[in-house]
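>>> test case, fold it:
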Amino acid sequence: MLTPNLQPTLFTTPKQVALTLASTSESIATLWFQQQYVSYDISKVTELQHHEVLELTFVSQLFQSSMGIDVINQLLKTLPKPYAYEYHRVFYNDFSGEWESLPVVIDEDEVIDNYFRNLDPEDDCETIESIITKLQGLLEERE
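Numbering: from 1, shown residues only. Below is the predicted model of the structure:
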């Protein structure tokens, strides 16, 4: 099950910037608050926390889709409020009837490069020698 991203941030987003990011207007966002789609009244704030921007953008993406209000309400039934989700990282799984996160893509080369960069030749001598031995073994298997 997904959980909303409610982590506070050091830097807030001006209301007008948040509305632009969400491709919506203050009057529409206020209507969403009145209908309990968003958890805060945007007409009463000047700055938004990151999770509030996520919530506004997520709801906006749903309403900008071609889905009708009944479908949107059905989809949101199983999703915990507030809807502070990165819309491009979650999806509704029709088979399970649940919202899920997209898998995180891991750049294996980057992980390996970072690991090697963090090795200290003096402190990690045994580890480095072990890696060299394993790599030599792999090369020998190829031959």
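>>> for stretch 65-82, list every residue counted as buried.
Neighbour counts over stretch 65-82 (16 or more other C-beta atoms under 10 Å) mark Leu75, Leu76, Leu79, Pro82 as buried. C-beta coordinates here come from the backbone N, C-alpha and C atoms, glycine included.
>>> closest to Phe11 among these?
Of all the buried residues of stretch 65-82, Pro82 has the smallest distance to Phe11: 19.7 Å, by C-beta to C-beta.
>>> residue closest to the middle of this structure?
Among the residues of the chain, the one closest to the centroid is Glu86, at 4.1 Å (C-alpha atoms, centre = their mean).
>>> got the domain boundaries for the chain?
13-101, 108-142 (automatic domain parsing).
>>> can you give me how far the longest one is from the chain middle?
So that's domain 13-101. Its chain's C-alpha centre and that of domain 13-101 lie 13 Å apart, by C-alpha atoms, centre = their mean, to the nearest Å.
>>> buried residues of stretch 15-34, list them for me.
For stretch 15-34, by 16+ other C-beta under 10 Å, it's Lys15, Ala18, Leu19, Ala22, Thr24, Ile28, Ala29, Trp32, Phe33.
>>> could I get the residues you listed in CSV, plus columns for pLDDT and distance to Cys125?
Output for the buried residues of stretch 15-34, formatted as CSV (pLDDT from 0 to 100; distance: C-beta to C-beta, whole Å):
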residue, pLDDT, distance to Cys125
Lys15, 97, 56
Ala18, 97, 52
Leu19, 98, 56
Ala22, 97, 53
Thr24, 97, 58
Ile28, 97, 62
Ala29, 98, 59
Trp32, 97, 59
Phe33, 97, 60
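>>> which stretches in this structure count as helices?
Assigned by DSSP state H, the helices in the chain fall at 15-21, 26-34, 50-64, 69-76, 108-117, 125-142.
>>> kindly calculate the angle that the fifth one makes with helix 125-142.
Relative orientation of helix 108-117 versus helix 125-142 (axes from the mean of the first three to the mean of the last three C-alpha atoms, to 10 degrees): 140 degrees.
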